[in-house]
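Undergrad: Attaching a predicted model along with its sequence, questions to come.
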2 protein chains.
Amino acid sequence: MSKLVECVPNFSEGRNVKIIESIVDEVRKVEGVKLLDYSSDKDHNRSVVTFIGSPDKVEEAAFKLIKKASQLIDMRNHKGAHPRMGATDVVPFIPIKDVTTEECVEISKKLGKKVGEELEIPVYLYEDAASCEERKNLAHIRKGQYEGFFEKIKQPEWKPDFGPGNMNVKSGATVIGARFPLIAYNVNLGTDNVEIANAIARKIRYIGGGLRYVKAVGVKVTERNIVQVSMNLVNYEKTPIYTAQEMVRIEAKRYGVPVIGSEVIGLVPMKVLIDCAEYYLQIENFDMGQVLESRLSE
Amino acid sequence: MSKLVECVPNFSEGRNVKIIESIVDEVRKVEGVKLLDYSSDKDHNRSVVTFIGSPDKVEEAAFKLIKKASQLIDMRNHKGAHPRMGATDVVPFIPIKDVTTEECVEISKKLGKKVGEELEIPVYLYEDAASCEERKNLAHIRKGQYEGFFEKIKQPEWKPDFGPGNMNVKSGATVIGARFPLIAYNVNLGTDNVEIANAIARKIRYIGGGLRYVKAVGVKVTERNIVQVSMNLVNYEKTPIYTAQEMVRIEAKRYGVPVIGSEVIGLVPMKVLIDCAEYYLQIENFDMGQVLESRLSE
């Protein structure tokens, strides 16, 4: 089986198409890496690239992208609505197939070291690659942003994990790390009362005493006159979709409200949905190698 | 999206490894075709090959396999437990991804014509490619087998669809056609009473007034002291796995017997299981393009 890692770098340019294309081209040029998507936001002045491939090749492409961004983006001129601290702002590696989170942490460290040494950009490791608890959360690391980091970086507790101990004036600083694939999943309820969706969200999410890997809020879907429990499932292996779905259903019963549908937003690994089929069909001893398509990539 | 057709030819040699390998090699040699599996049965003196690829390439590989089998196998010397009528006995084409049954019928006809004309082997089209109702069923076509076909082929109603009107003495005759992927699916019941499994099987299967595309029997699983409803689902789009599963559950309730598990036997297309996840999770507007792995093969 071939290993697959996804990488979703965010970089601080969302307006100049020529610069954006030059940076994305660095990914296109690496053989064995597949560009899945990229999109730019003019207000945020920020772009997000999604690509996938073998661990080695994805790491290689990520370095090339960071290098190109360091050449073409000057943070001294950057303005945008989204918080940011570097030309390449954040680079998460996500295990997709036959790869562990630990392997993605290793990639993060190797890449971080190389970026720090060769490009002289300070690097912070985050999420599962974080060197301490305080560096797990991206928003927490990024607080103060590019402008504030010239001071923040000098504090002993904010010494970068790799690279120089001072800001790179042109490129800022970059956050690199490993995280599990995030599934955006919404459950639609047969009511227009958003208070019910909110009450359910509060019960099922981690901070309310619910499921460890679920973030949830209630949302009104005005055009359909219904509400939904909008969730981020941050570890689909430990808290699968079906668990979240059934938890919503159980809580909704309290209000006599039916689950009338659900939505999967964006891309999901095949295994996420096949896990659900296995659960509901009660399949015993299923092997992902039985999925015909999985044999094709061998 | 790339089109995928599966082909599962059966040929009449299950003992001579050198001949078997030479025939399978013809498939290996075609670029763009992936050999998924092959196995031989000595008692049946028969081998089954499974390969997959784009419609054109699969057709090309199938022709090469039939040609090689016609060179290396002499039906005058063939003995085996399994009914057979030709060196290449039967060649089904199965739509897997972004291909219709109609396209597989077209492949069957093109291949049949070529085999008939270039190899001078009489060809019968079967299942969805059949030229009339009487030729849909393989067992019905094959009745009389190789030995009996020298007479049978002369009957006007058994004139071949392609090729000569007489048997090919060395290679016999070949059956080619298109059929939907067959899913072998068993539902385990929490009882040791096989009569209950049989009664459920009779209710859910087509011939008993049940589901159009379900064949089912009750089976005892002695080593686990349980029984199962063993099914062939012959059209998973029209009668999906979850429908069969829920029908078994509904019938089992009559006996107070629980469904305690299920088994998927062999390979299944990804879509078969994702359809089930969609049903149970009530996912709205899901697009197979949202499955990350489906993007990799684009």
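TA: Yep, it's here.
Undergrad: Helix or strand: which one has the closest residue to chain B within the stretch 51-200 of chain A?
TA: Per C-beta to the nearest C-beta, A:I96 is where the stretch 51-200 of chain A lies closest to chain B, at 6.4 Å. (C-beta placed from N, C-alpha, C; glycine too.) In this assignment (DSSP states H and E), A:I96 forms part of strand A:88-97.
Undergrad: thought A:C276 was touching A:I241?
TA: Yes - under the criterion of C-beta atoms under 8 Å, A:C276 makes contact with A:I241 at 5.4 Å.
Undergrad: Now do the shared contacts for these two.
TA: Counting by C-beta atoms under 8 Å, 6 or more residues apart in numbering or on different chains, the residues touching both A:C276 and A:I241 are B:277, B:281.
Undergrad: count of neighbours near the closest residue to the residue of the stretch 51-200 of chain A closest to chain B other than its chain neighbours?
TA: Once flanking residues are discounted, A:I96 sits nearest to A:L4: 4.1 Å by C-beta to C-beta, 6 or more residues apart in numbering or on different chains. A count of nearby residues for A:L4, using other C-beta atoms under 10 Å in any protein chain shown, gives 22.
Undergrad: where's A:L4 relative to A:I52, distance?
TA: 6 Å (C-beta to C-beta, to the nearest Å).
Undergrad: do A:R179 as well
TA: For A:R179, the distance to A:I52 - C-beta to C-beta - is 15 Å.
Undergrad: Number of residues surrounding A:Q290?
TA: 17.
Undergrad: thought A:L233 was touching A:A244?
TA: Yes - assessed by C-beta under 8 Å, A:L233 is found in contact with A:A244 at 6.0 Å.
Undergrad: the more surrounded of these two?
TA: Per other C-beta under 10 Å, whichever of A:L233 and A:A244 has more neighbours is A:A244, with 27 against 24.
Undergrad: pLDDT on the host helix or strand of the more buried one, on average?
TA: In this assignment (DSSP H and E), A:A244 forms part of helix A:241-253. Average pLDDT, helix A:241-253: 97.
Undergrad: next helix or strand past it?
TA: As assigned by DSSP H and E, the chain's next helix or strand after helix A:241-253 is strand A:259-265.
Undergrad: Taking helix B:270-281 as reference, get the angle to the following helix or strand past that next one.
TA: Later in the chain than strand A:259-265, the nearest helix or strand by DSSP H and E is helix A:270-281. Using axes from the mean of the first three to the mean of the last three C-alpha atoms, to 10 degrees, one finds that helix A:270-281 and helix B:270-281 are set 60 degrees apart in direction.
Undergrad: what does helix A:270-281 contact?
TA: Contacts for helix A:270-281 (C-beta under 8 Å, 6+ apart): A:97, A:181, A:183, A:236-237, A:240-242, A:264, A:283, A:286, A:288, A:291, A:293-294, B:241-242, B:245, B:262, B:270, B:273-274, B:276-278, B:280-281, B:291-294.
Undergrad: what pLDDT, on average, does it get?
TA: Helix A:270-281 comes out at a mean pLDDT of 96.
Undergrad: for the helix or strand following it, the distance to its chain's centre please.
TA: Downstream of helix A:270-281, the first helix or strand assigned by DSSP H and E is helix A:292-296. Offset of helix A:292-296 from its chain centre (C-alpha atoms, centre = their mean, to the nearest Å): 26 Å.
Undergrad: Kindly report the same for stretch A:183-193.
TA: 22 Å.
Undergrad: now do the same end-to-end measure for stretch A:287-294.
TA: 10 Å (C-alpha to C-alpha, to the nearest Å).
Undergrad: Residues in contact with it: which ones?
TA: A:1, A:270-271, A:274, A:295, B:6, B:36, B:52, B:96-97, B:264, B:266-270, B:273, B:293-294, B:297.
Undergrad: 6 Å - rerun?
TA: Contacts to stretch A:287-294, defined as C-beta atoms under 6 Å, 6 or more residues apart in numbering or on different chains, come from residues B:267, B:269-270.
Undergrad: and what of stretch A:203-217?
TA: A:201-202, A:229-232, A:234-235, A:238-239, A:244, A:247, A:251.
Undergrad: which SSE is the nearest residue to A:F180 once chain neighbours are set aside in?
TA: The shortest distance from A:F180 to any non-neighbouring residue, by C-beta to C-beta, 6+ apart, is to A:N235 (4.7 Å). Using DSSP H and E, A:N235 maps to neither a helix nor a strand.
Undergrad: where does A:N235 land on pLDDT?
TA: 91.
Undergrad: Spell out which parts of the stretch 1-150 of chain A neighbour chain B.
TA: A:L36 (C-beta under 6 Å from any C-beta of the partner chain).
Undergrad: what are the ranges of the helices in the stretch 1-150 of chain A?
TA: A:17-28, A:55-72, A:101-118, A:138-142, A:145-152 (DSSP state H, counting those that start in this stretch).
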